[in-house]
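# predicted coordinates and the sequence they were generated for:
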Amino acid sequence: MSSVDEVKRYLVTETGLATVSTVQADGRVLSSIVNCGVIDHPLTGTPCVALVSRGSAARIGHIRRGSQMTVAIRRDWNWISVTGPADLIGPDDLPPSFGTASVDTASFGTEQLRLLLREIYQAAGGSHDDYEAYDRAMVEDGRIAVLVAPDRILGNAAQ
């Protein structure tokens, strides 16, 4: 029904505010509010919905176990949702093709991860006066990139 471009238009309002849901091991749904943006997946090059999450968040364990993720965005009486598998890229989830840490960026993990977390933050409407402090906070919090492939997009938004 809808396109990733429409999802992006929805997310750029209200700084990417959306509800994300995963399925727990016992079958219950876990939902929370996050900020998301649309970026090109760093490994596939295809547009995806992305967010930055604490590595310790329950949703990360659900995704590692195979749960798909749904991102639901509501603006006024209109809504749009994206459902699909999610990839994780973070300190404990670095794909082999994602680079290696350099001497200068060892405290940030890989340079690519550091830049990916910034890209997602900015796509979700974030801005920062001190990106070095932002980078340090991402490492200290064990932040991880969550990238949702849009297998299904639904909504009632006007075309």
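Good, I have the coordinates.

# drop to CA atoms for contacts and neighbour counts, all remaining ones
OK.

# tell me the SS of the closest residue in space to residue 82 that isn't next to it in sequence?
Distance criterion Cα to Cα, 6 or more residues apart in numbering; nearest residue to residue 82, sequence neighbours excluded, is residue 153 at 4.6 Å. Per DSSP: H, G, I helix; E, B strand; the rest coil, the secondary structure class of residue 153 is strand.

# need the longest helix for this protein.
helix 111-123 (DSSP state H).

# tell me what it is packed against?
When contacts are defined as 3 or more Cα pairs under 8 Å, 6 or more residues apart in numbering; DSSP states H and E, helix 111-123 sits against strand 37-40, strand 47-54, helix 131-140, strand 143-148.

# ok, back up a step: thought residue 84 was touching the residue nearest to residue 82, still the case?
No: using Cα atoms under 8 Å, residue 153 is not in contact with residue 84, being 9.0 Å away.

# where does the protein have low pLDDT?
The chain contains residues with pLDDT under 70 at 1-2, 96-109, 157-159.

# surely residue 21 and residue 71 touch.
Yes: with contact defined as Cα under 8 Å, residue 21 counts as touching residue 71 (6.6 Å).

# which of these two has more residues huddled nearby?
residue 71 (26 against 20; other Cα atoms under 10 Å).

# I'd assumed residue 85 was in contact with that one.
No: contact criterion Cα under 8 Å: residue 71 and residue 85 do not qualify, at 11.2 Å.

# measure the residue nearest to residue 82 to residue 35 for me?
18 Å (Cα to Cα, to the nearest Å).

# between these two, tell me which one has more neighbours.
Neighbours were tallied for residue 153 and for residue 35 using other Cα under 10 Å; the higher tally belongs to residue 35 (23 against 19).

# quick check: beta-bridge partners of that one?
Beta bridges link residue 35 to residue 17, judged by DSSP bridges.

# surely it touches residue 18?
Yes: counting by Cα under 8 Å, residue 35 sits close enough to residue 18 to count as a contact (6.0 Å).
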